[in-house]
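Asker: Turn this into a structure:
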Amino acid sequence: MSTENNAQDPMEFMRGMWSKMGFSLPGMVTPTLDVEELDKRISDMKAVENWLKMNLNTLQMATQSLEMQRATIATMQAMSKIATEGGNPAEGGQPNPFTAGMWPWNMMQGAAEQAKAAAAAVGAPVAATPAKSKAKDGK
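Answerer: This next block holds a predicted model:
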């Protein structure tokens, strides 16, 4: 009698075929009518979706940080190349972008040279640097 019911109920027939293979029938083939089971599946799917979104965002941030690192290194290499090559605008070369930012250093160096020149003109002793005083002491 049970075989007659299996032949008339296609879902029962499929369930019997799958169970003989050693694993149960997938959930998509046998839809459930239980609302609680559907809510559980929905919450599981949303959890997986959020996990995948989090991993995607992490991957995108890692990619962006590597792109920024690459751009920074390329910029620094280009600036270093310009600084080492110099470049005279009168000769057709590019102007050195670092010369504009070096004005405080140049001003301080010029003031130090003027102080030395003024001290030499007056005949005042110029303070010796520590390296020179060690050389005079013989140490």
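Asker: only C-alpha atoms for contact and neighbour calcs from this point on.
Answerer: OK.
Asker: quick one, longest helix in this structure?
Answerer: In the chain, taking DSSP state H as the definition, the longest helix is helix 35-85.
Asker: tell me what it is packed against?
Answerer: Helices and strands touching helix 35-85, as assessed by 3 or more C-alpha pairs under 8 Å, 6 or more residues apart in numbering; DSSP states H and E, are absent.
Asker: Give the rounded mean pLDDT of it.
Answerer: Averaged across helix 35-85, pLDDT comes to 91.
Asker: Just list what the next helix or strand after it packs against, helices and strands only.
Answerer: For helix 35-85, the succeeding helix or strand toward the C-terminus, using DSSP states H and E, is helix 103-122. With contacts defined as 3+ C-alpha pairs under 8 Å, 6+ apart, there are no secondary structure elements packing on helix 103-122.
Asker: Name the residues of helix 103-122 that are buried.
Answerer: Lys116 (16 or more other C-alpha atoms under 10 Å).
Asker: pLDDT on that helix, on average?
Answerer: 83.
Asker: how close does Ile42 get to Met54?
Answerer: 18 Å (C-alpha to C-alpha, to the nearest Å).
Asker: what's the answer for Thr75, then?
Answerer: From Thr75 over to Met54 (counting by C-alpha to C-alpha), the distance is 31 Å.
Asker: Check Ser80 too.
Answerer: Counting by C-alpha to C-alpha - Ser80 and Met54 are separated by 39 Å.
Asker: now swap in Ala115 and tell me
Answerer: 64 Å.
Asker: cool, and Gly123?
Answerer: 75 Å.
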